[in-house]
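1. need a structure here:
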Amino acid sequence: MRLRSCLTIALVGCLSGIAALAQNQPASTVRTLLSTGRIGSVIDTPLAFRLLSVRLSPTQQASYTGPNAMLYAVAGGVRLQVGGDSQSVVEGGGAFIPSGRAAIFDTSAQEPANFLLFILSPVADIQKPPLESPATVEELYRSPEPIPGLQPGPYEYSLTQVSLPPAMPPNPPHSRSGAALYYIAAGSGMFTAQGKTEPRTAGMAHFEPRGLVHQWANPGDAPLTLIQANISPEGIPAVLAAGAQ
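-> As a prediction, the model looks like this:
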């Protein structure tokens, strides 16, 4: 009887220890797919990433006809018309704008809109302004050279929100099968690659080329929110474990 009591106490203590350990472990990274589109080829012409921040005042309207792009609504939401289709992109939502299709953005009468455009631009056209007045446009990032390592065949273009919980240690080493451009929407984190660890803070843009083995961590006490525009070969995962390239 005494032995059974001891075993019971030991078991309860063990379970309590496991529960406490589980409570101390960071929650899992949360990935939310916001939009996706298909691109027939990415090697016919050299491509570069551009990231634009666009602001529209209430009742304003702006048009866009250009390369494949992803829209992310930062604040206020925006109504997007592409061809004969119209959709409301709410704050925190995304939408795919296919190449060569005329797109119109407009706001409500009550509030302004701020949104991001992740553009896959032909290098030859990267100097062209994709939107004109009355939109207020700020370029946050432009690839210094064509995106390297892209392969023949169709690609998937996706927009994902990635949330890393507070106190998250470095995730397992991994790489991209294509390339990705990030916008750090909130919080701050650490990025490790090629033996270097560097901070990434809200408002920054961040580029990851194909094959770069890296890790993300969030040592802070607030969630780290990343908006990720990713291109990956169709049928191949966007993220590959280190050594799987």
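
2. going forward, measure contacts between C-alpha atoms and count neighbours the same way
-> Noted.

3. so where does residue 52 fall, helix or strand?
-> strand 47-56 (DSSP states H and E).

4. contact partners of that strand?
-> Outside strand 47-56, the residues within contact range by CA atoms under 8 Å, 6 or more residues apart in numbering are 62, 106-107, 112-123, 126, 134-147, 181, 205.

5. again, only this time at 7 Å
-> For strand 47-56, the external contacting residues (CA atoms under 7 Å, 6 or more residues apart in numbering) are 107, 112-123, 135-143, 145-147.

6. if you look at those residues, which of them are in strands?
-> When DSSP state E is applied, the contacts of strand 47-56 are split such that 113-122, 136-142 fall in strands.

7. from those, which would you call buried?
-> Under a neighbour-count criterion of 16 or more other CA atoms under 10 Å, the subset of these counted as buried comprises 113-122, 137, 140-142.

8. gap between residue 67 and residue 223?
-> As defined by CA to CA, to the nearest Å, residue 67 lies at a distance of 33 Å from residue 223.

9. go ahead and confirm residue 227 touches residue 161.
-> Yes - with contact defined as CA atoms under 7 Å, residue 227 and residue 161 form a contacting pair (4.7 Å).

10. identify the bridge partners of residue 119.
-> With DSSP bridges applied, the residues forming beta bridges to residue 119 are residue 50, residue 69.

11. for it, report the pLDDT, please.
-> As predicted, residue 119 sits at a pLDDT of 97.

12. that one: what's it in contact with?
-> When contacts are counted by CA under 7 Å, 6+ apart, residue 119 touches 49-51, 67-70.

13. again, 8 Å this time
-> Listed by CA under 8 Å, 6+ apart, the contact partners of residue 119 are 49-52, 67-70.

14. give me the below-cutoff pLDDT ranges for this protein.
-> Scanning the chain for pLDDT under 70 picks out 1-27, 244-245.

15. how is it carved up into domains?
-> In the assignment given by automatic domain parsing, the structural domains of the chain cover 27-34+150-241, 45-142.

16. may I have the distance across the last one, first residue to last?
-> The distance separating the two terminal residues of domain 45-142, taken as CA to CA, comes to 17 Å.

17. going forward, begin numbering at 94 instead of 1
-> Yes, from this point I'll number from 94; that puts the last item at domain 138-235.

18. I'd like the distance from it to the chain centre, please.
-> The offset between the C-alpha centroid of domain 138-235 and the centroid of the whole chain comes to 16 Å, using CA atoms, centre = their mean, to the nearest Å.

19. distance of residue 163 from residue 284?
-> As judged by CA to CA, residue 163 and residue 284 stand 24 Å apart.

20. neighbour count: the two, which is higher?
-> A direct count of neighbours by other CA atoms under 10 Å for residue 163 and residue 284 places residue 163 higher, at 26 against 16.

21. perfect, I'm done here.
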